[in-house]
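Colleague: Let's see this in three dimensions:
(2 chains, ligands or ions: 1)
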Amino acid sequence: MAKIKLLPSPPAGLRPQPKRPEDPAVDDQPKDLVKEAGVSAAAWVDERTSLSGTVRWVMFRPIPKGTNWFYTLGTATMVAFINQVITGVVLAMYYDPSVTHAYESMKYINNEVFLGEFIHGMHRWGSTVMVILVFLHMARTFFFGAYKYPRELNWIVGVALLVLTLVMSVTGYLLPFDQRAYWASVVAMNIGGNAPLLGPFTPPAALGGPDVTTVTLSRFYAIHMMIIPGLIIGLISAHLYLVIKLGTSAPPWVRADKVGGDLKEHDA
Amino acid sequence: MNQREKEEYLREYSVLKAQGKPFFPYIIVKDGVMMIVVIGTIMLLSIVLGGELTAKADATTTTYAPRPEWYYFWAFELLRVIKPPALVSLATVGVPTIAMLLLFLLPFYDRNPERHPLRRPVATTAGIFVIGAMFFLSYLGAEAEPPSRVDMEPPPSVATAGGATLEKWEAGRKLVAQSSCGGCHKIGANGNDGPGPQLTQIGDRLKQGAIRETLINPTLPMPSFAKLGPEKLDDIAFFLSTLKSGSGGGH
Ligand code: HEM
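Modeller: Predicted structure coming up:
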């Protein structure tokens, strides 16, 4: 008989207990009233969106046995990215991408804005942490053979994310417009300009000329805070969709116990 | 993987899932702990290291050594290792391109159905080798000496001429040191041997005018020094043109 594919349900301990008529009347206690309100609000939304199916699909999906701390590196990378988004938005409120004001606006953030240097530092060092985590996460999937069937496409999306992350760090490096930023970017642009085929067009077309000017700065800024983050958010969504759809791989040394056809209901 | 291997994998995997646990509330705990650790680490780094700035960017004084983020040191070092000028342009772009292609296409050329790292000797060895090489190159890149010194004695012709000639030579020497030419060029006992060619005997190969021209229109990835202005360019070009084999200098 064909098995019907069900959405995974919460583990037994978490399922709401049906109320029995003989239960004492506790319904009027404030706690229960609040709970009632929450349940009915959720039901109202669910009636109009059917989101509960998705939530069950995401939250109660079965994770194979044997997964370990190495499997948290992807989440860790995502958290580092979210940190970059939030601190980046705060910096964008004060930053001015022009040759004359970029440096001064960063100084202003560091010295005048409440917790400014802390936020700036979190963005600065968060980028380092994110780069390290992307490489660690990639090493995990490589050594665990997690890029093999059926997860090949997720590996490819991952490599695209790696490239985009590195582009973020290069374009962001210029923005404070101090000496370190300026001279590293001049060399980086020259390396780009040296590329075969597209190279000769890169500095003038994308970067606003062979020199680092205001145009370069505002282009780098637009690339750094709109284009690439947009792409990264889109690709992370695709990446996570595939993780949930295909399931997390089990560590390659874990073998299934031979228990015959005794599959639990979490088998999706 | 052929069809039979795929089906075998999926069957084994569905049993493993059945024997596992739901993401919520069991697995998510680990992810939650990891999130707190990551944010905590970033906050700690920010408090300890801060967000300091160096001096404001200035295109006319090149006193700052162009140095990439430390996690690009290995790539920088790779440029240094590759010597022939014709290959440098290839290496700056070719090496990353090939590395990216190798990464993107990994699932297509590695068709071994085996997943256990110990039973994939080639893949595992290659992975460990790449990581080792990156660490080693990063270490070399980090060790490269700060390229802001040029210790040289004026060659006899300049020393005997003295006066304005000697002053011009000294000015050139200081400018070369300040401009961090040594970041990419070996100059006598100082500087890094690459990515750029040695300058110790550049006077044998190029005349003063040609050197000046190179400073304004360099071969990439060297930055242009046109912004220094004609006077400083003259000083640098004069200084460099005196660096010849057998001319004394700092060997
Ligand atoms: C912005 C960067 C990235 C984020 C936020 C991210 C996030 C995630 C998350 C949350 C998972 C779930 C399982 C786990 O954490 O291990 C995952 C799985 C995966 N990631 Fe990434 N990832 C990123 C970059 C990469 C890169 C650079 C690669 C490889 C080139 C990659 C390849 C994979 C693969 C193959 C899986 C499936 C692993 C499995 O099922 O065992 N990801 N990713």
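Colleague: switch to C-alpha atoms for all contacts and neighbour counts from now on
Modeller: OK.
Colleague: Can you classify the closest residue to A:R140 other than its chain neighbours by secondary structure?
Modeller: Excluding the flanking residues, the one nearest A:R140 by Cα to Cα, 6 or more residues apart in numbering or on different chains is A:F70, at 6.7 Å. Secondary structure, DSSP: H, G, I helix; E, B strand; the rest coil: A:F70 is helix.
Colleague: per-residue confidence at A:F70?
Modeller: If you check A:F70, the pLDDT there is 97.
Colleague: Would you mind confirming that it is in contact with A:T141?
Modeller: No: when contacts are counted by Cα atoms under 8 Å, A:F70 is not listed as touching A:T141 (9.2 Å).
Colleague: Residue 32 is in what secondary structure piece?
Modeller: Went with chain A since none was named. Using DSSP states H and E, the element containing A:D32 is helix A:30-49.
Colleague: my bad, chain B
Modeller: Going by DSSP H and E, B:G32 is in helix B:28-49.
Colleague: Residues contacting the helix or strand following that helix, please?
Modeller: Where DSSP H and E defines the elements, the next helix or strand beyond helix B:28-49 is helix B:73-81. Residues from elsewhere that reach helix B:73-81 (Cα atoms under 8 Å, 6 or more residues apart in numbering or on different chains): B:68, B:88, B:91-92, B:134-142, B:184, B:193-196.
Colleague: Mind checking which of these are buried?
Modeller: Buried residues within those, defined by neighbour count using 16 or more other Cα atoms under 10 Å in any protein chain shown: B:68, B:88, B:91-92, B:134, B:137-138, B:140-142, B:184, B:193-196.
Colleague: near the ligand too, which of the residues you listed?
Modeller: With Cα under 6 Å from any ligand atom as the criterion, the buried ones among the contacts of helix B:73-81 include none near the ligand.
Colleague: okay, who's weakest in those residues by pLDDT?
Modeller: B:V88 (64).
Colleague: May I ask which helix or strand of chain A has the lowest mean pLDDT?
Modeller: Sorting the helices and strands of chain A by mean pLDDT, DSSP states H and E puts helix A:207 at the bottom, at a mean of 60.
Colleague: My read is that A:S185 contacts A:Y173, right?
Modeller: Yes: the criterion here is Cα under 8 Å, and A:S185 meets it with A:Y173 at 7.4 Å.
Colleague: Neighbour count: these two, which is higher?
Modeller: A:S185 (25 against 21; other Cα atoms under 10 Å in any protein chain shown).
Colleague: Please report how far the more buried one lies from B:N217.
Modeller: Shown here: A:S185 relative to B:N217, a distance of 18 Å by Cα to Cα, to the nearest Å.
Colleague: With B:L53 instead?
Modeller: Applying Cα to Cα, the value for B:L53 to B:N217 is 30 Å.
Colleague: For the stretch 151-251 of chain B, just list every one of the helices.
Modeller: B:156-161, B:163-178, B:202-205, B:208-216, B:230-241 (DSSP state H, counting those that start in this stretch).
Colleague: Out of those helices, flag the one nearest A:M59.
Modeller: helix B:163-178 (58.8 Å; Cα to Cα).
Colleague: Report the mean per-residue pLDDT for the closest one.
Modeller: 86.
Colleague: next one: stretch A:104-117
Modeller: Average pLDDT, stretch A:104-117: 95.
Colleague: Also stretch A:169-189?
Modeller: Mean pLDDT, stretch A:169-189: 84.
Colleague: distance between the ends of that stretch?
Modeller: 14 Å.
Colleague: now do stretch B:155-171
Modeller: Length of stretch B:155-171, first residue to last, Cα to Cα: 15 Å.
Colleague: Quick one: residues contacting the closest residue to the ligand within chain B.
Modeller: In chain B, the residue that lies nearest the ligand is B:L103 (7.0 Å; Cα to the nearest ligand atom). Contacts for B:L103 (Cα under 8 Å, 6+ apart) come out as A:V159.
Colleague: Could you check how far it is from B:R205?
Modeller: 42 Å.
Colleague: One more: A:R15?
Modeller: Between A:R15 and B:R205 the computed distance is 82 Å (Cα to Cα).
Colleague: Also A:V129?
Modeller: With Cα to Cα as the criterion, A:V129 and B:R205 are 46 Å apart.
Colleague: Between those two, which is the more surrounded one?
Modeller: Per other Cα under 10 Å, whichever of A:V129 and B:R205 has more neighbours is A:V129, with 21 against 12.
Colleague: Chain neighbours aside, what residue packs nearest to A:M59?
Modeller: Once flanking residues are discounted, A:M59 sits nearest to B:F24: 5.2 Å by Cα to Cα, 6+ apart.
Colleague: Before we go further, that neighbour is sitting in a helix, right?
Modeller: Yes: B:F24: assigned to a helix according to three-state DSSP.
Colleague: neighbours around it, how many?
Modeller: Quick note: B:F24 (other Cα under 10 Å) scores 18 neighbours.
Colleague: and it, what is it in contact with?
Modeller: Neighbours of B:F24 in contact, by Cα under 8 Å, 6+ apart: A:P10, A:M59, A:F60, A:R61.
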